[in-house]
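Chemist: I'll drop the sequence and a predicted model, then ask my questions.
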Amino acid sequence: MTLPDENIHPIATGKAAETVGKHQDPQELVFYSGWFCPFNQRVWIALEERGILYQYKEVNPYKKEKHFLEINPKGLVPAVEYKEKALYESLILLEFLEDAYPSYSPNLLPSDPYERAYERIWVDHIAKAIVPAWMRLLMAQPNEREKQDSARKELYEAQKRLLNEVKGPYFAGEQFTLVDVAIAPWIVRDYVLAENRGYKWEDVGNGWVKYAEALSSRDSVRRTTSDRDKHQATYDRYLRGEAQSEAAKAIRAGKPLP
Ligand code: GSH
């Protein structure tokens, strides 16, 4: 049986397509990427930000092809092969890139141990509070008014907590760091919530619009973002309640995201 999610646009478009074109040559780091995926975009931003050499390979993770399952048994993008050994999970990959390429600048984690740990607290907040609330709001249907209202409130509250920590223009001040990388892909997709779920950047609190604009206009973020209409088509399935991805199933079942 074909899942509806399988019918995604097959390749990156817009600025992201130009970036793909520049990363076709074989390298010791192979990036198994789904152009449409926000978790995936985290890793892509880090690669671009730091000028790490990588070979881009597009994967449709909904097809669960044998070769890809050998790389990531969970069957999820992003994944990488580094010197022919496989790794996956976006947040683990971000840390891995810091460890494996320490001399590539800019580093995305501060050098001070306390500041590094502090970054990780807020990356964890994004993963456990912001992203699940974002998905719940996306998937709450128009006839589920209360569900929508409570997911929107939950999202604003989680974002407000992060906003209180933002020094500006980025989370840690002038340096663009892992917290920014971890949330930027959802910021560039927020228009889906704005157009369909009554969500507004302005309602997060004073300073959020500025922070969100700083992230969206960052070069590495723009270079890894595809055209809006192609993203919209992916999210239409969630907006209509038809998505069958692992994440959609988890949200419906009230379970943590995969
Ligand atoms: N926890 C994973 C990470 O952070 O890397 C989540 C990755 C994830 O959910 N990827 C989605 C996927 O590959 C695309 S956005 N889905 C395939 C499926 O649901 O079958």
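Modeler: All right, it came through fine.
Chemist: In space, what's closest to Glu28 - neighbours in sequence excluded?
Modeler: Using Cβ to Cβ, 6 or more residues apart in numbering and skipping residues adjacent in sequence, the residue nearest Glu28 is Lys83, 5.3 Å away. No exception for glycine: its C-beta is placed from N, CA and C like everyone else's.
Chemist: how many neighbours does the one you found have?
Modeler: 8 (other Cβ atoms under 10 Å).
Chemist: so how many other residues sit close to Glu165?
Modeler: Using other Cβ under 10 Å, the number of residues around Glu165 comes to 13.
Chemist: hang on, the earlier thing: these two touch, right, the residue nearest to Glu28 and Gln27?
Modeler: No: the pair Lys83 / Gln27 is not scored as a contact, 10.4 Å apart, by Cβ atoms under 8 Å.
Chemist: For stretch 196-207, C-alpha coordinates in CSV please.
Modeler: Extracted C-alpha coordinates of stretch 196-207, given in CSV (Å, rounded to 0.1, in the frame of the first residue of the first chain):
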residue,chain,number,x,y,z
ASN,A,196,-4.2,28.0,8.7
ARG,A,197,-4.2,27.9,12.5
GLY,A,198,-4.5,31.5,13.7
TYR,A,199,-0.9,31.6,14.9
LYS,A,200,1.1,34.9,14.9
TRP,A,201,4.8,35.6,15.6
GLU,A,202,3.6,38.9,17.2
ASP,A,203,1.6,37.0,19.8
VAL,A,204,4.7,35.1,21.2
GLY,A,205,5.9,38.3,22.8
ASN,A,206,8.1,41.4,22.3
GLY,A,207,11.2,40.5,20.4
